[in-house]
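>>> only the shape, not the letters, is given here:
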């Protein structure tokens with residue numbers, strides 16, 4: 001009977017060994033790293049996802065608009081002599097002259113009497129004039145007004161349009177029609193006859 005018992009014992013040992021190998025294989029499988037999903041940020045064989053770059057170039061500031069015959073007059077703001085802020089927008093729709101001048105400018109002072117006659121002659125046609133002084137002080141303009149009447153819109157070039165528009169000298173006058181379009185640009189002083197000629201299209 002002893003050999004038979006030894007055979008049974010060997011069978012049990014083999015069975016135990018097989019079971020042990022199977023259990024070790026299962027335990028080893030639980031410790032394997034997870035497979036890559038292809039969206040990892042690094043590592044061999046991984047495909048890192050990167051944000052797409054826009055092909056659109058960075059926007060650059062457009063150059064400032066300048067008054068150009070045939071084009072709409074660029075909008076601007078200014079400070080009236082009474083200290084109130086004003087804007088070109090408030091005068092669009094009228095025949096309009098925008099005049100850059102200064103109290104220390106001889107040609108500027110020389111044309112003002114003719115400008116006054118022109119203004120009075122066309123007042124019933126709703127003409128308007130905006131004279132922007134490049135003087136540093138409002139007192140300079142007020143002092144000048146004691147000797148010269150200028151009954152239209154007066155202001156200081158507080159927004160720097162003379163510099164922004166590249167004005168080469170004063171007086172400079174822009175003639176603007178009822179549609180807000182620049183029809184003529186005059187650099188230098190004008191006589192009354194010249195004013196009438198340059199302004200004719202703004203009354204059409």
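Looks like it arrived, so ask away. What you see is a predicted model, and the numbers here were worked out from it, not measured in a lab.

>>> please make it C-alpha for all contacts and neighbour counts, starting now.
Noted.

>>> so where's this protein shaky on pLDDT?
Applying pLDDT under 70 to the chain picks out residues 1-64.

>>> ranges for the strands of it?
Along the chain, counting by DSSP state E, strands occupy 77-80, 85-87, 96-101, 128-133, 153-156, 172-176, 182-187.

>>> residue 67 is nearest to which of those?
For the strands of the chain, the distance to residue 67 is smallest for strand 182-187, at 6.8 Å, taking C-alpha to C-alpha.

>>> for that closest one, packing partners?
Using 3 or more C-alpha pairs under 8 Å, 6 or more residues apart in numbering; DSSP states H and E as the contact criterion, the elements in contact with strand 182-187 are strand 172-176.

>>> how big is the angle separating the strand it packs on from strand 128-133?
Angle of strand 172-176 versus strand 128-133, following axes from the mean of the first three to the mean of the last three C-alpha atoms, to 10 degrees, is 160 degrees.

>>> in strand 172-176, what's buried?
Neighbour counts over strand 172-176 (16 or more other C-alpha atoms under 10 Å) mark 172, 173, 174, 175, 176 as buried.

>>> now the residues you listed in a markdown table, with distance to residue 199?
Converted to a markdown table, the buried residues of strand 172-176 look like this (distance: C-alpha to C-alpha, whole Å):
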| residue | distance to residue 199 |
| --- | --- |
| 172 | 14 |
| 173 | 11 |
| 174 | 10 |
| 175 | 6 |
| 176 | 8 |
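
>>> break down this structure into its helices, ranges please.
Using DSSP state H, the helices of the chain run over 2-30, 106-121, 138-144, 161-164, 192-199.

>>> run through the residues that contact residue 171.
Residue 171 is in contact with 99, 100, 101, 102, 105, 107, 108, 187, 188, 189, counting by C-alpha atoms under 8 Å, 6 or more residues apart in numbering.

>>> neighbour count and distance to residue 140 for the residues you listed - can I get that in JSON lines?
Below are the contacts of residue 171 laid out as JSON lines (neighbours: other C-alpha atoms under 10 Å; distance: C-alpha to C-alpha, whole Å):
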{"residue": "99", "neighbour count": "22", "distance to residue 140": "17"}
{"residue": "100", "neighbour count": "24", "distance to residue 140": "15"}
{"residue": "101", "neighbour count": "27", "distance to residue 140": "12"}
{"residue": "102", "neighbour count": "22", "distance to residue 140": "9"}
{"residue": "105", "neighbour count": "14", "distance to residue 140": "12"}
{"residue": "107", "neighbour count": "16", "distance to residue 140": "17"}
{"residue": "108", "neighbour count": "20", "distance to residue 140": "14"}
{"residue": "187", "neighbour count": "15", "distance to residue 140": "23"}
{"residue": "188", "neighbour count": "15", "distance to residue 140": "21"}
{"residue": "189", "neighbour count": "20", "distance to residue 140": "20"}
